[in-house]
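J.: here is a sequence with its predicted model. Questions after.
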Amino acid sequence: MYILLQLWYNVICSSFSEGGAGSMSRKCEVCGKGQVSGNKVSHSNRHTRRKWNANIQSVRVVSNGTVRKTKVCTSCIRSNKVDRAI
């Protein structure tokens, strides 16, 4: 039974690390901007954990003469850090 669980765990972990079903990262491929965590503070000064996601968009980018899709934050798009394909 333990061997089956270990095999199942290895299959799940390899699918996540190789771009499988759970590989959608909220991180910019140009500048590396990603998720930030902190506290939500209510009016009564109670602190609960929350997170702020970066504004990531999927854009078509020209790299080395080929067009491919990358995930880029909007600040990199606005500052022309990527060569967008039209």
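T.: Cool, the structure landed. Numbering: from 1, shown residues only.
J.: which residues in this protein form helices?
T.: 2-17, 74-78 (DSSP state H).
J.: averaging pLDDT over each of those helices, which comes out lowest?
T.: Ranked by mean pLDDT, the helices of the chain end with helix 2-17 in last place, scoring a mean of 58.
J.: could you count how many residues lie near R49?
T.: By other C-beta atoms under 10 Å, 8 other residues sit near R49. Quick note: C-beta positions are derived from backbone N, CA and C, even for glycine.
J.: hmm, I typed the wrong one, I wanted C28.
T.: With other C-beta under 10 Å as criterion, C28 counts 23.
J.: any idea how far it lies from V72?
T.: Shown here: C28 relative to V72, a distance of 6 Å by C-beta to C-beta, to the nearest Å.
J.: now for the two: what residues contact both?
T.: I56 (C-beta atoms under 8 Å, 6 or more residues apart in numbering).
J.: for stretch 60-67, which outside residues touch it?
T.: Residues outside stretch 60-67 that contact it (C-beta under 8 Å, 6+ apart): R68, K69, T70, V72, V82, D83, R84, A85.
J.: check which residues of it are buried.
T.: By 16 or more other C-beta atoms under 10 Å, the buried positions in stretch 60-67 come out as V61.
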